[in-house]
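Visitor: Curious how this folds, go ahead:
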Amino acid sequence: MNWSRLSSTIALMSCVLTGSMAARNRWAAYYSNQARPDEFRGYGLVIFDADGHPALQPLAAEGTTVLGYLSLGEIERHRTWFAEVQQMGILLGENRNWPGSYYVDLRDPRWQRVVIGRLVPALLTQGFRGVFLDTLDDPVELERLDPERCRGMTAAAIALVKELRRAFPSITIMMNRGYALLPEVGGHIDIALGESVYGTYDFERKLYRAVPAAEYREQVQLLKQARKRNPALRICSLDYWDPADREGIRRIYREERANGFDPYVATVGLDQLMKEPR
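Guide: Here you go, the predicted structure:
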């Protein structure tokens, strides 16, 4: 047996498998329609905004899982369904950090019917493989701030995620933050995302900064606990950082991978694809 040739073959196979795994773990969130589909080559998972995005078919043909953005705890004024929900009388005020985005009462069965009966099917019809659920921290925080007026909001959020899985058992479901929900819904989703785990954007000071150490450690612990309860649950991290600080971005990737997470670092607008610096 030619041991030298065998060793070379094994080394080559190892490189191929490592590269394949890296591509599968690489992911991005991008909320614009300016990028070409080929710019996402090598990403195993991509999140797009349903109302404006690059072509889905070329990515699907390469095996990329593409998820459509869906905000459950807030509705933005520019969404086509905003006026209908506003007329229902279930909006609870505007998010001061995101003008034009309004909190919605998840307890109302009409909102639940809109989500399950129309919004998710519309995403799947477009060609998305699943959904990225955003703003599920909102109902928890609203109930904390006003437990009398918002009683049951957390339970309603949990019920909505579980009903979404029941209605669509084969799609990929990724949930942003929603840490308080994870003990109940971790077994009903495929991917948990920690947003602003290490780096974030300070809206008041208009700059990128590190998350306070205690908050960083708490988020890491919550995400690791979620995976311990549900070993099949994939954990991703999304951190925001100054694109000019390449060494800072490298540091975040190293830190998050050391936590066992699949990281992506972006600008706060998520309107440009930020490649990992080498």
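
Visitor: Just grab the bridge partners of the residue nearest the centre of the chain for me.
Guide: Nearest residue to the geometric centre of the chain (C-alpha atoms, centre = their mean): N176, 4.6 Å. For N176, the beta-bridge partners under DSSP bridges are L193.

Visitor: can you list the weak-confidence ranges in this structure?
Guide: 1-23 (pLDDT under 70).

Visitor: Tell me which stretches of it form helices.
Guide: 3-25, 57-61, 82-88, 109-114, 120-126, 137-145, 153-167, 182-185, 213-229, 246-258 (DSSP state H).

Visitor: list the buried ones in the fifth one?
Guide: The reference is to helix 120-126. V120, L123 (16 or more other C-beta atoms under 10 Å). (Glycine included, C-beta is placed from N, CA and C.)

Visitor: Grab the nearest non-local neighbour of A50.
Guide: G68 (4.3 Å; C-beta to C-beta, 6 or more residues apart in numbering).

Visitor: got the contact list for that neighbour?
Guide: Residues in contact with G68 (C-beta atoms under 8 Å, 6 or more residues apart in numbering) are I47, F48, D49, A50, L123, Q126, F128, G130, V131, F132.

Visitor: Quick one, which of those are buried?
Guide: Buried among the contacts of G68 by 16+ other C-beta under 10 Å: I47, F48, D49, A50, L123, F128, G130, V131, F132.

Visitor: And G42, its phi and psi?
Guide: When quoted as degrees, to the nearest 10, the phi and psi of G42 stand at phi 100, psi 0.

Visitor: let's have the chain start at 56 instead
Guide: Got it, first residue is 56 now, which makes that one G97.

Visitor: hang on, isn't it packed against W82?
Guide: No - using C-beta atoms under 8 Å, G97 is not in contact with W82, being 10.6 Å away.

Visitor: neighbour count winner among the two?
Guide: Ranked by neighbour count (other C-beta atoms under 10 Å), G97 and W82 place W82 first, with 24 against 15.

Visitor: ok, now how distant is that one from A268?
Guide: 26 Å (C-beta to C-beta, to the nearest Å).

Visitor: Ok, R260 next?
Guide: 18 Å.

Visitor: for Y308, same thing?
Guide: Applying C-beta to C-beta to Y308 and A268 gives a distance of 19 Å.

Visitor: Looking at those two, which is more packed in?
Guide: Y308 (18 against 8).

Visitor: what about D192, neighbour count?
Guide: 17.

Visitor: Please apply the same query to A115.
Guide: Neighbours of A115 (other C-beta under 10 Å): 15.

Visitor: Touching, it and R184? I think so.
Guide: Yes - counting by C-beta under 8 Å, R184 is a contact partner of A115 at 7.4 Å.
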